[in-house]
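Visitor: I would like to see how this sequence folds:
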Amino acid sequence: MSTEAIILAGGLGTRLRSAVPDLPKCMAPVAGKPFLHFVIDYLQRSGVDRFIFSLGYLHEVIETFVQENYPAMDCDFSIESEPLGTGGAIKHACGKATSENVLVLNGDTMYTINPLKLLDFHQQQHAACTLSLKPMQQFDRYGVVEIDKENHIRSFREKQFYEQGLINGGVYALNVMRFLSLDLPAKFSFEKDYLEKYVNSEKMMGLVMDKYFIDIGIPEDFNRANLEFH
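Guide: Model prediction:
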């Protein structure tokens with residue numbers, strides 16, 4: 001059975017425009033290569049062998065890059081004709097999934113967890129969705145995820161300054177049929193309209209994984225990636 005990953009790569013990258021004009025965010029050049037190159041290579045090394053690319057803005061750029069650089073890759077493209085939000089993009093891409101459970105992650109973030117460990121935990125727990133959780137210190141860019149001692153997610157707290165806490169690392173294991181069986185609109189936010197709305201009615205788990213994390217969606221971290229990647 002293949003291990004499938006949906007890579008969300010349809011973003012406009014408005015906060016990165018000053019650094020990277022006219023490219024999808026995940027194609028921003030880092031150490032001389034598109035950031036997406038590092039994401040794909042990391043996932044392949046980690047055991048992912050099928051990819052679904054969820055695309056929108058300038059999707060042809062990403063399709064061409066993948067076809068030219070990974071000609072043997074088992075992959076598919078889910079293309080939005082209009083922005084559907086993170087939830088709508090995942091829902092649309094799930095229509096191309098061939099596995100009962102898939103990994104979902106962002107093409108502009110690198111979080112070097114063991115994705116197969118996340119997927120195994122998710123399946124053992126018979127969860128609807130399992131989140132990778134990153135411990136952070138002194139931050140205000142992210143909300144906090146609260147879990148109980150059995151790793152069930154209990155609540156999502158708003159963005160504000162926290163001395164410490166667990167943040168949503170943006171890598172998910174998702175049960176495709178349970179997700180698609182919900183009455184979700186075509187356009188919606190995965191975080192607000194799925195995770196936060198269904199946290200008490202769907203079995204959502206969290207797995208703490210303290211690994212390297214970088215989100216190139218803002219210029220400071222984009223510049224940091226150029227120093228740290230090679």
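
Visitor: Show me the longest strand that occurs in this structure.
Guide: The longest strand of the chain (DSSP state E) is strand 162-175.

Visitor: Which strands and helices lie in contact with the following helix or strand past that one?
Guide: Using DSSP states H and E, the helix or strand that follows strand 162-175 in sequence is helix 176-180. Packing partners of helix 176-180 (3 or more Cβ pairs under 8 Å, 6 or more residues apart in numbering; DSSP states H and E): helix 85-94. C-beta here means a position set from N, CA and C on the backbone, and glycine is covered the same way.

Visitor: try 10 Å this time
Guide: helix 85-94, strand 101-106 (3 or more Cβ pairs under 10 Å, 6 or more residues apart in numbering; DSSP states H and E).

Visitor: got a list of contacts for it?
Guide: Residues outside helix 176-180 that contact it (Cβ atoms under 10 Å, 6 or more residues apart in numbering): 4, 6, 87, 90-91, 93-95, 97-102, 104, 126-129, 172, 174, 190, 194, 198, 202-203.

Visitor: try 6 Å
Guide: 94, 97, 102, 128 (Cβ atoms under 6 Å, 6 or more residues apart in numbering).

Visitor: Tell me the buried residues in it?
Guide: Within helix 176-180, the residues scored as buried using 16 or more other Cβ atoms under 10 Å are 176, 178, 179.

Visitor: Could you measure from the last one over to residue 207?
Guide: Spatial separation of residue 179 from residue 207 under the definition Cβ to Cβ, to the nearest Å is 18 Å.
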